[in-house]
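Enquirer: how would this look folded up:
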Amino acid sequence: MPGSRENERLKAFKNKGKDQEEMRRRRNDMQVELRKAKREEQMLKRRNIAPPLSENSAAGPVKSDMTIPELVQNIHSNEPHHRLMATIAARSLVTDQSPLVDEVIAAGLLPKFVEFLNCVDHPELQFEAAWTITNVASGTRSQTQAVVQAGAVPILVKLLTSTDSRLCEQAAWALGNISGDGPELRDFVIRNGIVEPLISLIRPETPLEHLRTLAWCLANVCRHRNPVPPMDVIQKVLPSMSSLLYHTDKHVVAEITWAFVYVTDGSDERIGAVVGQGVLDRLVVMLTATDPSLLIAAVRAVGNIVSGTDVQTQAVIDAGALNYFANLAMSEDKKIQKEVAWTISNITAGTQPQIQSVIDAGLIPPLILMLERNDYKVQREAAWAVTNLTAGGTKQQTMALVDLGVIEPFCKLLSIQDAKVIVVLLGGIGQILEASAAFNRVEEVALMIEEAKGVDRIEELQDHANKAVAHVAFHLICRYFSEGEAGAETTNLNPEAGAAGFQFGAGAAGGGLQNTGGFSF
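Expert: I've put the predicted structure just below:
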């Protein structure tokens, strides 16, 4: 649920009383958007587009304007040639997302096409039937369900072992469409035994076009959450995925990189399985890719891995990924910028040496530039990266942010409407002020905040409708910006994750607000 997802993100806000793993933030609200983006990128691949149907095909003359009643009559004919011509015509009707797809289904033709899949003595009819089923399965959920209900899946899986390579590829294409529909159908395809015959087709002599389809189908077998694919399936397909990652064809590599995105978008166990395959160096090298679809997949895969344990995050750092992030952060592609900021935020939620790696790689100036840019989604991720640093870093690391100019963009962002992010920003400002006390720089930093009009904004936020925002703003003003009170001890300004939710302050004795039910935004 959205509320619980945001609460999970807020756990990264303050590390007191928590181990580093609890500070990790998963993709959460970005997930639906990313899934949709990938679905759009794959849409043309899912449907087997053919040239316009000619009156004369390799199988002989084809009536291209065959009506549904004519299709029914010919498909039920005892003449093999009539059945073939009608199947070719039907395949043409369902090629361009035609509304006739539902009419073909309503006419009860899908069971006949499934029946034709078993016509081993008529390979051309088998192939055309598989092609037709592929295109029907690339449609809406109900259309894909109709293919499954017609009994196509077990026969399609069996066809993966056919000696006809064209038929193998078409069967994989259809199964990829069905698996891509959602976790329920994906698991149904898995239960029908797709994994072993599918990975057996991935071999050096496989034609390139077929290999692209197999890689895409394999990615869809790894796709979807709630639930994710079974771990034993992931363990079976990872060796084939790893070998394909080194293929020379960019389309094969892009498809299989998306498979790694899907696998790493899960538990630490799944991330660990990927790291154990020894593919990190390859994924990191792909951060220099010029192909946009390959680059975004590589960035997301690396980002998913650093959302795991500190050991997994360190593996990414040791592979040299941070060396590429500064350039990626300057990309004109906002999606890349957002991914980079999200990835860095998960590194700054790690150990202090890992935070220092971010600083040493020169990634703070790009983060500050992201805070200054107009794209809010990029700014939000950059804000999390910075506040994770102020929450878990040393005081010296926190003050490095100040010296590099973080105060002004942080203060400007206080004008946004998102209460959750405002709390994060206010907490970051409070943590910066706390760190400045160790270097006798409280008045200097407070003046910088005032000159950036931050004090005016914080004063206004005391009247914010959100109680958490108003509370943190009030105590920041009381502690640092009231006359004669700068640096005075007051309640703790930073939300701490407890068993029941987020709490402000030191309890009743400190007079702080306690929200034992979690934030209510």
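Enquirer: pretty sure residue 208 contacts residue 247?
Expert: No. Using C-beta atoms under 8 Å, residue 208 makes no contact with residue 247, being 9.2 Å away. (Glycine included, C-beta is placed from N, CA and C.)
Enquirer: higher neighbour count, those two?
Expert: residue 247 (17 against 11; other C-beta atoms under 10 Å).
Enquirer: in contact with that one, which residues?
Expert: The contact partners of residue 247, taken as C-beta atoms under 8 Å, 6 or more residues apart in numbering, are 211, 253, 256.
Enquirer: the stretch 51-200 of the chain: helices as residue ranges?
Expert: Assigned by DSSP state H, counting those that start in this stretch, the helices in the stretch 51-200 of the chain fall at 68-75, 80-93, 100-106, 110-116, 123-137, 141-149, 152-159, 165-179, 183-191, 195-200.
Enquirer: actually, the stretch 201-350 of the chain.
Expert: For the stretch 201-350 of the chain, the helices defined by DSSP H, counting those that start in this stretch occupy 208-221, 231-244, 250-264, 268-275, 280-285, 292-306, 310-318, 322-329, 334-348.
Enquirer: and those helices: which comes nearest residue 192?
Expert: Among those, helix 208-221 comes nearest to residue 192, with 11.6 Å by C-beta to C-beta.
Enquirer: what residues sit buried inside that closest one?
Expert: Buried residues in helix 208-221, counted by 16 or more other C-beta atoms under 10 Å: 210-221.
Enquirer: nearest to residue 299 among those?
Expert: Of all these, residue 299 sits closest to residue 219, with 16.6 Å by C-beta to C-beta.
Enquirer: my read: that closest one touches residue 258, true?
Expert: Yes. Shown here, residue 219 and residue 258 form a contact pair, counting by C-beta under 8 Å, at 4.9 Å.
Enquirer: chain neighbours aside, what residue packs nearest to residue 288?
Expert: In space, and not counting its chain neighbours, residue 288 is closest to residue 324: 6.4 Å by C-beta to C-beta, 6 or more residues apart in numbering.
Enquirer: let me fix that, I meant to ask about residue 362.
Expert: Excluding the flanking residues, the one nearest residue 362 by C-beta to C-beta, 6+ apart is residue 326, at 5.5 Å.
Enquirer: which ones are touching the one you found?
Expert: By C-beta under 8 Å, 6+ apart, residue 326 lies in contact with 361-363, 366.
Enquirer: run the last query once more with 10 Å
Expert: By C-beta atoms under 10 Å, 6 or more residues apart in numbering, the contact set of residue 326 is 340, 361-367.
Enquirer: who wins for proximity to residue 460 among the helices of the stretch 51-200 of the chain?
Expert: Using C-beta to C-beta, these put helix 183-191 closest to residue 460, at 45.8 Å.
Enquirer: who touches the closest one?
Expert: Residues external to helix 183-191 that are found in contact with it (C-beta under 10 Å, 6+ apart): 137, 141, 144-145, 147-148, 153-154, 156-157, 174-182, 194-195, 198, 217, 220-230, 232-233.
Enquirer: now swap in stretch 197-205 and tell me
Expert: Here stretch 197-205 makes contact (C-beta under 10 Å, 6+ apart) with 157-162, 165, 168-169, 171-172, 175-176, 189, 210-211, 213-215, 217-218, 221, 236-241, 243-244, 247, 252, 256.
Enquirer: buried members of those into PyMOL, please.
Expert: Selection of the buried residues among the contacts of stretch 197-205 in PyMOL, burial being defined by 16+ other C-beta under 10 Å:
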select buried, resi 157+159+160+162+168+169+171+172+175+176+189+210+211+213+214+215+217+218+221+237+238+240+241+243+244+247+252+256
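Enquirer: buried residues, the lengthiest helix in the chain. List them.
Expert: The residue-count maximum for a helix in the chain (DSSP state H) belongs to helix 419-437. Within helix 419-437, the residues scored as buried using 16+ other C-beta under 10 Å are 419-436.
Enquirer: now for that helix, which elements pack on it?
Expert: Applying 3 or more C-beta pairs under 10 Å, 6 or more residues apart in numbering; DSSP states H and E, one finds that helix 419-437 contacts helix 2-10, helix 376-392, helix 395-403, helix 407-412, helix 442-451, helix 454-461, helix 467-476.
Enquirer: distance from stretch 268-278 to the middle of the chain?
Expert: Mean-position distance between stretch 268-278 and its chain equals 17 Å (C-alpha atoms, centre = their mean, to the nearest Å).
Enquirer: report the buried residues of it.
Expert: Across stretch 268-278, burial judged by 16+ other C-beta under 10 Å covers 270-275, 277.
Enquirer: for stretch 283-299, same thing?
Expert: For stretch 283-299, by 16+ other C-beta under 10 Å, it's 283-284, 286-287, 289, 293-299.
Enquirer: adding mean pLDDT and distance to residue 317, write the helices of the stretch 51-200 of the chain out as TSV.
Expert: Supplementary listing: the helices of the stretch 51-200 of the chain in TSV, determined by pLDDT from 0 to 100; distance: least, C-beta to C-beta, whole Å:
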stretch	mean pLDDT	distance to residue 317
helix 68-75	94	60
helix 80-93	93	51
helix 100-106	93	50
helix 110-116	97	51
helix 123-137	96	42
helix 141-149	96	42
helix 152-159	98	42
helix 165-179	96	34
helix 183-191	97	33
helix 195-200	98	32
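Enquirer: now those helices as a markdown table including distance to residue 264?
Expert: Converted to a markdown table, the helices of the stretch 51-200 of the chain look like this (distance: least, C-beta to C-beta, whole Å):
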| stretch | distance to residue 264 |
| --- | --- |
| helix 68-75 | 45 |
| helix 80-93 | 37 |
| helix 100-106 | 35 |
| helix 110-116 | 36 |
| helix 123-137 | 27 |
| helix 141-149 | 26 |
| helix 152-159 | 27 |
| helix 165-179 | 18 |
| helix 183-191 | 17 |
| helix 195-200 | 19 |
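Enquirer: ok so, going back, now, of the contacts of helix 183-191, which are buried?
Expert: The neighbour-count test (16+ other C-beta under 10 Å) marks 137, 144-145, 147-148, 153-154, 156-157, 174-182, 194-195, 198, 217, 220-224, 228-229, 233 as buried among these.
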